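Novice: kindly return the folded structure for what I paste below:
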Amino acid sequence: MNRLCVLLLLLCCWTLPAHALGLVASVDRDQLSSGETVELTLESNDATLFGKPDLTPLDNLFEVRGTRQVNQLTTLSDDNKATTRWIITLQPKQTGTVIIPSLQVGDYHSLPINLTVTQSSANEAELAPVFIEANLEQSSVYVQAQAILTLRVYHSVALYDDSNLTPLHLTDAIVEQLGESRTYEKMINGVRHGVIEVRYGVYPQHSGELLIPALTFSATQVDSQQANAPAPLGPKPGKMIHVTSSDIPLTVKPKPEDYPANAAWLPARSLSMSETWNPEPDHCKVGDSLTRTLTLKAEGLSSAQLPALPATEVNGLRRYPDLPQLSNQITESGLIGSREEREALVPTRVGQVELPAVEVVWWNTHEDRLERSYLPARTLQVAVNPNLAADSPDNTVAIALSHDSSLWWWQLSTLLLACTTLIGFGLWWRARWQPAILRAAQTGPSPRTLLDDIKRACLANDPQATRQALDAWARQQPETLAEMAARFVLLSDALDGLNGALYSETGQYWQGEELWKAIRSIPAAEREHDVAGEPSSLPPLYPK
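Specialist: You can find the predicted model right below:
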């Protein structure tokens, strides 16, 4: 009989998660006070599921305050995803641990959910139409540790949606809002109140006394005559209400004296480390790429407060790290910071590779003591990779010889480059002291031959031939024809006559004897200029 009960129990535990895959239950919070309400959400992705959940199992422990259904269709590429949600507002009838039982929709069942309901007290001052309550989870915390501030606005009258809460600013602390504000209902002395709850994470940066300032909530109260009328578009008719919370002192304790001075200060409620490998390093070979992921999680700290983990600097492994991934998760107990560091490790030799242990020192704020979290040391057995054979002796010698040979060629090329650079620099230095223009040796007919051509053309009274012979002779002279004509008047007059014959119809009557006499009148030292700079040993061809 006992074995049969155990078998049936195991069968229920096995079938319940299978049904829960089609119907998922969740609540907006799992801790509340007596008289408060909680929202239960049932969600299904089965498009063929119709009907409503059976709420009969809730009657003994809860009062159902309302239900609503939300249908949603999401289109991703060619896939259509239909989601159906049933949102149920529940008010527990008793305190302590209250279990929301499994609910059924069609053939699916949800999983049970545990709630913690505490006894609440209310005084007569809280019977005002609108009042605000602020409290800290702890009256004292360590510096940079998390202090949770919860602000609740209670209202027993209807309010417009123009409510406003002044922001929380602290000069000596970092403030982060923990999620969005949430609303629910609570019975206080038989009067139903709506509740607006906002939670903050406060992280003091200096020890001493920190004062949480008062915050002001403002909203417009709906006029009783307008309660059932639609909301107006213009100014809201009704009374403007302002309520202010009280100042709250917070004692900030300094870092304990016995905390290690060289370790990062980590005040957390809990801290954990884990590692994963892809692939598993049990059968790794030389040259394989192993991805190691180290994850550090701390409850009560943001991801920005978490330090970098020690790098895996080990002989026999090449390390290629990625950028760390930081994330924060908001829970009922506050913020959970997470830091994920991923690195690729490539073995470079055969044999055992020792990975050292990873240690993180932190302060347990829940038990108020120093703690150390470890990842144990690990030994990798690296085998030979037949595709690489990186560690064979012959291959090692070949690699060394190849390395030396390539080094020798690099040294030789560097020497040749240095020599050619020095030679080029020497030639450039020598060229700096040479004249910019060197007189080139003349080629072609000698000046005396050109003078014979001028004489024959002039005596033949041929202006075209005379001009050509005159230009050829002038190209070997140190001066141009214009410069010589400026110094010798006879030559200037004779050139004018030649130009007139060339560019007029009287060219056939030109007499070249005057030009030849003008050229002969030029001193012999200038007329018979030697381009090479050496005086000629021959006598003048046409003596005066």
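
Novice: buried set for stretch 95-107?
Specialist: Using 16 or more other Cβ atoms under 10 Å as the test for burial, stretch 95-107 gives 98, 100-106. For glycine as for every other residue, the C-beta is placed from the backbone atoms N, C-alpha and C.

Novice: just those now: which is nearest L23?
Specialist: Of all the buried residues of stretch 95-107, V105 has the smallest distance to L23: 5.6 Å, by Cβ to Cβ.

Novice: and G22, what's its pLDDT?
Specialist: G22 carries a pLDDT score of 75 in this model.

Novice: tell me where this structure has helices.
Specialist: 2-20, 393-432, 447-459, 463-474, 481-487, 489-502, 513-521, 524-527 (DSSP state H).

Novice: weakest of these in terms of mean pLDDT?
Specialist: The bottom spot among the helices of the chain, by mean pLDDT, belongs to helix 2-20, with a mean of 44.

Novice: count of residues packed around the nearest residue to K81 once chain neighbours are set aside?
Specialist: In this structure, K81 finds its nearest non-sequential neighbour in T74, 4.5 Å apart by Cβ to Cβ, 6 or more residues apart in numbering. Counted with other Cβ atoms under 10 Å, the neighbours of T74 add up to 9.

Novice: could you report the pLDDT at T74?
Specialist: Model confidence at T74, given as pLDDT, is 71.

Novice: offset the numbering so it begins at 581, please.
Specialist: Got it, first residue is 581 now, which makes that one T654.

Novice: doesn't N625 make contact with it?
Specialist: No: using Cβ atoms under 8 Å, T654 is not in contact with N625; the gap is 10.0 Å.

Novice: which neighbours do these two share?
Specialist: Common contacts of T654 and N625 (Cβ atoms under 8 Å, 6 or more residues apart in numbering): 661-663.

Novice: just give me the closest of these to F797.
Specialist: Set against F797, the nearest of the shared contacts of T654 and N625 by Cβ to Cβ is T663 (34.8 Å).

Novice: what's around the nearest residue to the closest one once chain neighbours are set aside, how many residues?
Specialist: Nearest residue to T663, sequence neighbours excluded (Cβ to Cβ, 6+ apart): Q652, at 4.6 Å. When neighbours are counted by other Cβ under 10 Å, Q652 registers 10.

Novice: look up how far N1041 lies from Q652.
Specialist: The gap separating Q652 from N1041 is 116 Å, by Cβ to Cβ, to the nearest Å.

Novice: over to I667?
Specialist: Counting by Cβ to Cβ - I667 and N1041 are separated by 126 Å.

Novice: what of A738?
Specialist: 130 Å.

Novice: circling back: roughly how far apart are the residue nearest to K661 and Q699?
Specialist: In this view, T654 and Q699 are 43 Å apart by Cβ to Cβ.

Novice: ok so, going back, need the buried residues of stretch 675-687 in JSON lines (columns: pLDDT and distance to S883).
Specialist: Output for these, formatted as JSON lines (pLDDT from 0 to 100; distance: Cβ to Cβ, whole Å):
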{"residue": "V678", "pLDDT": "89", "distance to S883": "34"}
{"residue": "I680", "pLDDT": "92", "distance to S883": "32"}
{"residue": "P681", "pLDDT": "91", "distance to S883": "37"}
{"residue": "S682", "pLDDT": "91", "distance to S883": "36"}
{"residue": "L683", "pLDDT": "89", "distance to S883": "36"}
{"residue": "Q684", "pLDDT": "86", "distance to S883": "40"}
{"residue": "V685", "pLDDT": "85", "distance to S883": "38"}
{"residue": "G686", "pLDDT": "81", "distance to S883": "41"}
